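*Asks:* Make a model of this:
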Amino acid sequence: MKQSKQAQTGTFRKYVVEFIGSFFLVITICMTMSTGTALLSALATGLMLIAITYSGFKISGGHFNPAISVASYLRGKLDAGDLLPYIIAQFLGGLLASMLAGFLLTSMQMPAPETLELVAAPSIIAELLGTILLVYVFLNVTTAKKTQGNEFYGLAIGATFIACVCSFGTVSGGAFNPAIALGLVMADCASWSSLWIFLVGTFVGGALAAFISQYVNGPNAEIG
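*Replies:* Here you go, the predicted model:
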C-alpha cells in the first residue's frame, strides 16, 4: 500500500512539472511578444525552454508540448495512461499563463501585441516544419542510445526552438507547440480563427517527427 501511494505521488509530480514548465514557457512568449521584437521573444523563450528542460527532464521527461507527448507515445516512450494527463497539464499551464500575462500587460498599461491573422497554407507548412525539427531533435537527443547519458539535450532543444522561431515566426508566429498556440490565442496574440492552423501543423508535425526519428535511428536504437 505504501509503495502504491509513493508511485501515485511520483506520477502526480510528473504532471506538476509539465504544468510548471508549460506555464513558464507560454508566459515568456506572451510577455516578450508585447515588446514587438521577434528576436528578443525567440531568445527569451528559447532560453526558458533550456532552463525548464534541464530542471524537469529527469522527473517528467521535459515535454512541455503536447506534440512531443504524442510523439513520445508513438515511440513507446510515454505510457498510454500518462498521455492525456500530460496534455491536460500542458494546456492548463498554457491557459493560466496566457490569462496572467494578459492581466500583467493590462495592469502595466503596456501595448498589447498585434493579433496575428494567419494565411492557412504557408502557416501550416511553417508550423509543420518547425514542429518536425523541434520534436525530431528532442527524440534524437533524449531517446536514442547513441546520446544516452548526454547533458546537452537542453541546449539542443532550446537552440532548435530559437532557430525555428527566427526562421518561420514571421509566417506563422512560431508556436510549434499546441500549448503555446492556445496561449497565444487566449492572450490575443493570434486570432481564434487561426487556432486550427496551429493544431494541425503541430500535431501532424509531431507525429511525422516520431516516425522519422524511428526510421533514421533504426530498430533497437532507443534507450530502454
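
*Asks:* The nearest residue to residue 181 once chain neighbours are set aside and residue 103: what is the separation?
*Replies:* Leaving aside its sequence neighbours, residue 181 sits nearest to residue 198 (CB to CB, 6 or more residues apart in numbering; 3.3 Å). From N, CA and C alone the C-beta is placed, and that goes for glycine too. Using CB to CB, to the nearest Å, one gets 23 Å for the distance from residue 198 to residue 103.

*Asks:* Equivalent analysis for residue 206, please.
*Replies:* Residue 206 is 31 Å from residue 103, by CB to CB.

*Asks:* higher neighbour count, these two?
*Replies:* In this view residue 206 and residue 103 are compared by other CB atoms under 10 Å, and residue 206 has more residues nearby, 30 against 10.

*Asks:* part of a helix, is that one?
*Replies:* Yes: assessed by DSSP: H, G, I helix; E, B strand; the rest coil, residue 206 belongs to a helix.

*Asks:* how close does the residue nearest to it when sequence neighbours are not counted sit to residue 117?
*Replies:* Nearest residue to residue 206, sequence neighbours excluded (CB to CB, 6+ apart): residue 67, at 3.1 Å. Distance, residue 67 to residue 117, using CB to CB: 23 Å.

*Asks:* again with residue 20
*Replies:* Residue 20 sits at a distance of 32 Å from residue 117 (criterion: CB to CB).

*Asks:* Of these two, which one has the most company?
*Replies:* Neighbours per residue (other CB under 10 Å) separate residue 20 from residue 117, with residue 20 holding more: 17 against 10.

*Asks:* Hmm, residue 56 and the more buried one touching each other?
*Replies:* Yes: using CB atoms under 8 Å as the test, residue 20 is close enough to residue 56 to be in contact (7.2 Å).

*Asks:* Tell me the residues that contact both of these two, please.
*Replies:* By CB atoms under 8 Å, 6 or more residues apart in numbering, residue 20 and residue 56 have no common neighbours.

*Asks:* Geometric centre of the chain: which residue is closest?
*Replies:* Geometric centre of the chain, nearest residue: residue 65, 3.2 Å, by CA atoms, centre = their mean.

*Asks:* nearest residue to that one other than its sequence neighbours?
*Replies:* residue 177 is the one closest to residue 65 (CB to CB, 6+ apart), at 4.3 Å.

*Asks:* again with residue 46
*Replies:* Spatially, and ignoring its direct neighbours in sequence, residue 46 is nearest to residue 162 (3.5 Å; CB to CB, 6+ apart).

*Asks:* what's around residue 96, how many residues?
*Replies:* Under the neighbour criterion other CB under 10 Å, residue 96 is assigned a count of 17.

*Asks:* Please report how far it lies from residue 89.
*Replies:* 11 Å.

*Asks:* now swap in residue 183 and tell me
*Replies:* 14 Å.

*Asks:* still on that earlier bit, the residue nearest to the centre of the chain and residue 193, how far apart?
*Replies:* According to CB to CB, residue 65 and residue 193 sit 23 Å apart.
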